[in-house]
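J.: coordinates for the following, if possible.
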Amino acid sequence: MFKHILCPTDMKGRAKLALKKATQIAHQFGARITLLNVHPEFMNREKREMLRISVEKMEAKFRQIAIESKEEMQAIIKKLHAEDIEVDHLLREGRPEKVIATVAGELEVDLIVICTDGRDNLKDFVTGTITENVINSLVCPVLVIPCSK
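T.: Residues are numbered from 1 along each chain as shown. As a prediction, this is how the structure comes out:
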């Protein structure tokens with residue numbers, strides 16, 4: 001039924017709940033998982049140059065964040081004893097809800113497993129949360145794992 005699962009993660013505790021559920025589903029259906037970590041703070045070279053930011057220093061910082069994010073995602077998979085599952089790691093720049101929708105379309109995933117991100121600030125009440133925006137913009141099934149506090 002499910003062959004390819006997308007699991008967006010911000011590496012916080014609540015997102016690990018979604019990854020745990022994604023690994024359970026992947027084991028059940030023999031599916032593969034793509035872990036997606038989106039960083040809105042990354043910017044392309046043109047934006048950095050316009051802001052007069054040292055391009056080389058920022059690129060080095062972004063590389064370090066990418067390495068640390070991938071290592072953390074791999075550690076989580078190992079902790080869940082899911083080494084037998086095919087797992088891809090993607091690190092992208094942009095607004096999470098847009099990147100998640102784009103990647104889901106590009107990869108033609110069968111299921112997205114995401115944790116509720118909660119309403120952390122006033123903006124979330126006005127524009128909606130990342131999870132709400134993902135649900136409203138996709139046609140593939142989305143499994144939302146409630147955040148336990």
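J.: buried set for the lengthiest helix in the chain?
T.: With DSSP state H setting the assignment, residue counts place helix 55-79 as the longest helix in the chain. Residues of helix 55-79 classed as buried: M58, F62, S69, M73, I76, I77 (neighbour count, 16 or more other Cβ atoms under 10 Å). From N, CA and C alone the C-beta is placed, and that goes for glycine too.
J.: now, among those, which is nearest to V38?
T.: The shortest distance between V38 and any of the buried residues of helix 55-79, using Cβ to Cβ, involves S69 and amounts to 10.0 Å.
J.: neighbours of the nearest residue to that closest one once chain neighbours are set aside, how many?
T.: Residue nearest to S69 in three dimensions, not counting chain neighbours: N37, with 4.8 Å by Cβ to Cβ, 6 or more residues apart in numbering. Residues near N37, counting by other Cβ atoms under 10 Å, number 22.
J.: thinking again about what came up before, next helix or strand past the longest helix of the chain?
T.: strand 87-93 (DSSP states H and E).
J.: now for that following strand, which elements pack on it?
T.: strand 32-39, helix 55-79, helix 96-107 (3 or more Cβ pairs under 8 Å, 6 or more residues apart in numbering; DSSP states H and E).
J.: mind giving me JSON lines with these and columns for distance to Q24 and mean pLDDT?
T.: Rendered in JSON lines, the data for the helices and strands packed on strand 87-93 read as follows (distance: least, Cβ to Cβ, whole Å; pLDDT from 0 to 100):
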{"stretch": "strand 32-39", "distance to Q24": "11", "mean pLDDT": "88"}
{"stretch": "helix 55-79", "distance to Q24": "13", "mean pLDDT": "76"}
{"stretch": "helix 96-107", "distance to Q24": "20", "mean pLDDT": "92"}
